[in-house]
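Colleague: Quick one, what's the 3D model for this:
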Amino acid sequence: MRRARELGLAGALLCALAVLLGTPALNVPGIALLLGAIVAPAWVALSAARATLTLCSAVAMAYEGESVALTLELRRGRLPFPDAQLIPWPGAAAVALPSARRGALELSAVLTRRGLHSLGPARLRVADPLGICARELTSARHELLVLPRIHPVNAPSLAPRDARDTAMGRARQSVLELDALRPYTLGGASSRIHWPTVARTGALMERGVSAEGQEPSLVVLDASDPAGEDSLDQALRAVASLCVHLARRGGCRLLLPGERRAAVVEPDLRGWPTLHARLALVHPSSSPPRLGQRLAARTILYVTAAGAGAPALRGRCYRVGPHALVGVAVAFTVAGCSAQLLDGTGRGRLR
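Modeller: Coordinates of the predicted model:
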């Protein structure tokens with residue numbers, strides 16, 4: 001609009017000089033400048049007045065590296081744009097406008113990093129051919145949660161703890177923990193119903209995996225002091241892959257940074273989408289997790305993003321991470337991370 005005002009002022013001066021100097025020829029450029037200063041802003045404003053721009057997607061979550069389909073919808077009024085440029089999101093190249101008054105463009109975007117991403121806003125720049133004035137329209141942002149990708153686990157079976165540790169774990173479970181019970185699933189085996197709880201509360205409850213004599217495998221995420229952002233991303237892919245792998249083999253538990261109680265990953269993956277979304281939003285933590293009595297689990301998979309020189313867990317477990325310990329045999333690999341079985345002293349079996 002500033003340029004339009006300057007052109008209007010220049011046209012008015014030329015017309016005034018034409019009158020003062022008695023030079024009618026100056027009226028021609030003066031009137032042309034005045035018309036340009038009036039018509040160009042009016043054309044841009046009227047054509048963009050009824051225009052709307054919308055950027056949306058049919059999904060709210062996607063995996064790392066997955067192509068996400070986006071729809072960019074443009075509505076405009078009866079008056080055509082003098083000139084327009086449409087950019088779907090910041091940093092993208094301009095795309096051609098839909099030919100119809102109400103049209104949509106099908107686009108795709110690939111996000112390679114986990115976390116909450118904001119796509120957009122899309123931007124439509126309407127301008128006159130002479131560049132006298134311009135007006136911009138923007139769409140709302142579209143939020144998309146990118147989840148850690150699931151990778152296959154190259155391990156046919158995970159070795160349980162030794163017989164002595166397993167016996168100790170069973171002894172600790174002589175008293176049923178409250179979080180080992182869950183509401184009875186219709187159609188489930190009647191042998192799993194915990195009748196003392198039914199008699200006491202009147203609610204049908206069944207025993208979970210941990211109430212049947214043996215703790216399920218425990219996946220622990222240590223996000224403290226990661227070697228880098230890429231290392232943390234690799235560790236989170238390993239955690240997600242291990243949880244899905246173990247869930248399909250009877251279930252497991254997942255201990256996230258800052259949590260005191262491990263979440264249950266059921267064999268039917270019923271609550272997994274919520275846990276998967278939480279993994280996508282994990283940030284580096286200030287301190288490692290505290291395991292305490294959880295060392296009684298059948299198998300512990302301690303996933304860490306720390307470097308190979310970081311202190312190892314003092315307990316019998318699998319250490320899983322992108323930076324393997326030197327001189328310790330690799331039991332299996334998952335998502336670019338190496339799993340090494342430690343003997344309880346922070347060391348493992350040599351190569």
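
Colleague: Quick one: residues contacting the most centrally placed residue in the chain.
Modeller: Per CA atoms, centre = their mean, the C-alpha nearest to the average position across the chain is that of residue 146, at 2.4 Å. Applying CB atoms under 8 Å, 6 or more residues apart in numbering to residue 146 gives the contacts 61-64, 111, 113-117, 280. For the C-beta atoms, the positions are set from N, CA and C on the backbone; glycine is no exception.

Colleague: mind giving me the domain ranges of this structure?
Modeller: Domains of the chain are assigned by automatic domain parsing as 2-48, 50-147, 163-173+213-343, 181-209.

Colleague: most tightly surrounded among those domains?
Modeller: domain 163-173+213-343 (a mean of 19; mean count of other CB atoms under 10 Å).

Colleague: Secondary structure class of residue 206, three-state.
Modeller: strand (DSSP: H, G, I helix; E, B strand; the rest coil).

Colleague: beta partners of it?
Modeller: Residues in a beta bridge with residue 206, per DSSP bridges, are residue 182, residue 193.

Colleague: For stretch 273-290, measure first residue to last.
Modeller: 25 Å (CA to CA, to the nearest Å).

Colleague: show me the contacts for the residue lying closest to residue 282 once chain neighbours are set aside.
Modeller: Excluding the flanking residues, the one nearest residue 282 by CB to CB, 6 or more residues apart in numbering is residue 223, at 5.6 Å. Residues near residue 223 by CB under 8 Å, 6+ apart: 232, 235, 257, 282-285, 305.

Colleague: Out of those, which is nearest to residue 198?
Modeller: residue 257 (36.6 Å; CB to CB).

Colleague: phi, psi of the closest one?
Modeller: The phi/psi pair for residue 257 (degrees, to the nearest 10) reads phi -60, psi 140.

Colleague: Could you double-check that it lies in contact with residue 281?
Modeller: No - Residue 257 is not in contact with residue 281 according to CB atoms under 8 Å; the separation is 11.1 Å.

Colleague: In the chain, where is pLDDT below threshold?
Modeller: Residue ranges of the chain with pLDDT under 70: 1, 156-181, 185-192, 207-215, 292-298, 311-314, 344-351.

Colleague: Looking at it, which helix is longest?
Modeller: As assigned by DSSP state H, the longest helix anywhere in the chain is helix 27-49.

Colleague: From the chain's centroid, how far away is the helix or strand containing residue 341?
Modeller: Residue 341 belongs to strand 337-343 when assigned by DSSP states H and E. Mean C-alpha position of strand 337-343 versus that of the full chain (CA atoms, centre = their mean, to the nearest Å) differs by 28 Å.

Colleague: Tell me which other helices or strands that strand touches.
Modeller: In this structure, strand 337-343 packs against helix 229-247, strand 316-321, with contacts taken as 3 or more CB pairs under 8 Å, 6 or more residues apart in numbering; DSSP states H and E.

Colleague: Not including adjacent chain positions, what is the nearest residue to residue 285?
Modeller: residue 257 (4.0 Å).

Colleague: Can you spell out which residues form a bridge with residue 110?
Modeller: Beta-bridge partners for residue 110, by DSSP bridges, are residue 67.

Colleague: contacting residues for it?
Modeller: Neighbouring residues of residue 110 by CB under 8 Å, 6+ apart: 65-68.

Colleague: Out of those residues, which is nearest to residue 44?
Modeller: Looking across those and measuring by CB to CB, the closest to residue 44 is residue 68, at 33.1 Å.

Colleague: returning to what we had before: okay, the helices and strands packed on strand 337-343 in JSON lines with distance to residue 137 next?
Modeller: Below are the helices and strands packed on strand 337-343 laid out as JSON lines (distance: least, CB to CB, whole Å):
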{"stretch": "helix 229-247", "distance to residue 137": "35"}
{"stretch": "strand 316-321", "distance to residue 137": "48"}
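
Colleague: closest to residue 136 out of these?
Modeller: Closest of these to residue 136 is helix 229-247, at 33.8 Å (criterion: CB to CB).

Colleague: mind checking how far the closest one is from the chain centre?
Modeller: 14 Å.

Colleague: Who are the packing partners of it?
Modeller: Judged by 3+ CB pairs under 8 Å, 6+ apart, helix 229-247 is in contact with strand 217-222, strand 252-255, strand 263-265, helix 272-280, strand 300-304, strand 316-321, strand 332-334, strand 337-343.

Colleague: circling back to that earlier point, farthest pair in the contacts of residue 110?
Modeller: Across these, the longest distance by CB to CB is 10.4 Å; it joins 65 and 68.

Colleague: Now for those two: what residues contact both?
Modeller: Common contact partners of residue 65 and residue 68 (CB under 8 Å, 6+ apart): 110-111.

Colleague: Can you list the neighbours in contact with the stretch of helix or strand residue 17 belongs to?
Modeller: Element membership of residue 17, judged by DSSP H and E, is helix 2-21. Identification of contacts with helix 2-21 by CB under 8 Å, 6+ apart yields 23-27, 29-38, 40-41, 131-133.
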